[in-house]
Each structure stands twice: as C-alpha cells, then as structure tokens.
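Coordinates for the following, if possible.
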Amino acid sequence: MKQCRSRPAALLAAALLAGCAATPDAGKPTELGASPWAVQSTQPGAAASQASGWHHLAFPGKAPTKFSYSRKDGRDAIAVLADSSASMLRRKVRIEPADLGSVRFSWKVPELIAGADMTLRDADDSPVRIVLVFEGDRSRLSARDAMLSELARMLMGEEMPYATLMYVWSNRRPPGSLITSPRTERIRKLVVESGAKKLNRWLDYERDIRADYERAFGEAPGALIGIGIMSDSDNTRTTVRAWYGPVRLGGSAQAPR
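Now for the predicted structure:
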C-alpha cells in the first residue's frame, strides 16, 4: 500500500478525504461498486455505472475498517467491522449549491463504543458516520486551518476540504447537538442519534443538507463534492460492528427528524 511521507496526528482531518492519503483496498472497490447497495446510492437519474464510483479508502498509519456488501433484515446494506481501525467508503459527486436537497440514509448499530467522546482527540470514534464534503471560499479559513490545508497539499497532493459535515451517533450528546472536531474547526458533527435506547434496530433519516450546513457553519454551503460512510474505533482501540443502508441524495427535504 502506498504511504504518504508524514503521518502526524494533526493531518488525520486532512487525510479524511484527501486522495493521496487514502488508498483503495485491493479487490473491494469492484465488489462494492457492483453491489445493489451502491446502485441504490447513486444520484437520481444517474447511470447505474456511476455506482462504481464508490471506493474504500484507507488512511495512512491506520488499520482499515472492513466494508462488505450484505443483505441484512431484508435490506441491501454495507456491513462494517471496525477493529481498532479507521477508513471510509467514499464517492465523489458534484452538486451545485442551488441544487442541494436532502440526504436519506439508514443504519443499524448493535452496540456503542465504550469510552468514545467525539469532543476529545484521543476518544474521537463513532460506530457510524455519514460524511458530506463541500467546496467554499478558502480565504475564510483560519490561519491554523489554512496551514493544515497547505501542509496536506504538500504532503498528499490534495488540500484539506473546505468544510466537512458529518451525521453521527453519540454516546451522550442529545440529538441536534453540534460537535466541532478537536482537530479542525472545518469538520462539524451533527448528532442525529444518542444513547443506547435505539440500538439493534434499523433507523431511517432524511436531512435537509442546506439547513444542516448553515446551522453547523453559519454560512451558505458551496458545492457538495463528496459523500461517504465511515466507522472508526482507532482511538479507543475497540471493536464495533454496524450496517448502513443506501445513501441517497434527493430533491427538497422534509423537516429533519
């Protein structure tokens, strides 16, 4: 596997969606891209061949989470196993701000990660994450984030994304809470599920992308340029399983649930 030249912890946020920092897991992209889950996770009206745009991306210095297609409770799903690991299944897209609508997703989580706390650098793990990546006015980056982005470009050949919005399941924070990444303020996590009450069942969501972005970042969104699913347990050194239903980008969103 190709490795980048430096692996400082501060670059994990930049590595999250940077091309050089993440290397396809051999054999998996074809399998996952051809799956019914991937076909259902393409944009409305897109050719089914675009499903192959989903790639399993591994982060430098991190053991990869295992992703595989599965039929779970009659649903097409991606099964994940994070064993002291972190990686992402990602697809590049481009949806202009005027065309942003909803994102629909579902997941099933049998158990939370003991000790996980997304406000802390050393405990920033989650059994499930839906990841949305946006363009924006990079002149508005703080000096620290501009420096991180430039360092990522030099080391990995791709700048840190301008903004990343994640939908997450928190151990304790109530739904609706916003969490800023302990590594960079350009990653904001919106809690859509909390605690253990709804474990081991399928949960379905529809979110208004524009409304959630504006609440998280306090500004209008740029173009949506990437979408992904991510399960990680590398900081807590634990093992977690989960299943994701198809991730669908659609038209006008209903009120968040």
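
ok, Arg153 touching Glu159?
Yes - look at Arg153 against Glu159 with CB atoms under 8 Å: they come within range, at 4.7 Å. No exception for glycine: its C-beta is placed from N, CA and C like everyone else's.

of these two, who's got more company?
Neighbour comparison, Arg153 and Glu159: the larger count goes to Glu159, with 18 against 15 (by other CB atoms under 10 Å).

Please report how far the more buried one lies from Leu81.
Taking CB to CB, to the nearest Å as the criterion, Glu159 is separated from Leu81 by 31 Å.

what about stretch 96-111, how long is it end to end?
The first and final residues of stretch 96-111 sit 37 Å from each other (CA to CA, to the nearest Å).

Apologies, that question was intended for stretch 37-53.
Distances were taken as CA to CA; on that basis the terminal residues of stretch 37-53 are 12 Å apart.

which residues in the stretch 51-200 of the chain form helices?
Listed in chain order, the helices found in the stretch 51-200 of the chain under DSSP state H, counting those that start in this stretch are 143-156.

which stretches of it have low pLDDT?
51-52, 152, 155-157 (pLDDT under 70).

show me where the stretch 51-200 of the chain has strands.
Counting by DSSP state E, counting those that start in this stretch, the segments of the stretch 51-200 of the chain that form strands are 55-58, 66-72, 75-83, 86-95, 102-108, 129-134, 163-170, 178-180, 187-194.

now the ones you listed in a markdown table, with mean neighbour count and distance to Ala242?
Rendered in a markdown table, the data for the strands of the stretch 51-200 of the chain read as follows (neighbours: other CB atoms under 10 Å; distance: least, CB to CB, whole Å):
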| stretch | mean neighbour count | distance to Ala242 |
| --- | --- | --- |
| strand 55-58 | 22 | 15 |
| strand 66-72 | 16 | 10 |
| strand 75-83 | 21 | 5 |
| strand 86-95 | 20 | 12 |
| strand 102-108 | 21 | 6 |
| strand 129-134 | 23 | 10 |
| strand 163-170 | 23 | 9 |
| strand 178-180 | 16 | 19 |
| strand 187-194 | 22 | 12 |
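
so can I have CSV of these showing distance to Leu203?
Putting those into CSV (distance: least, CB to CB, whole Å) gives the following:
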stretch, distance to Leu203
strand 55-58, 24
strand 66-72, 13
strand 75-83, 12
strand 86-95, 19
strand 102-108, 6
strand 129-134, 12
strand 163-170, 9
strand 178-180, 19
strand 187-194, 6
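
So for Arg210, which of these sits nearest?
strand 102-108 (9.3 Å; CB to CB).

For that closest one, what is the distance to the chain centroid?
In this view, strand 102-108 has its centroid 12 Å away from the chain centroid, taken as CA atoms, centre = their mean, to the nearest Å.
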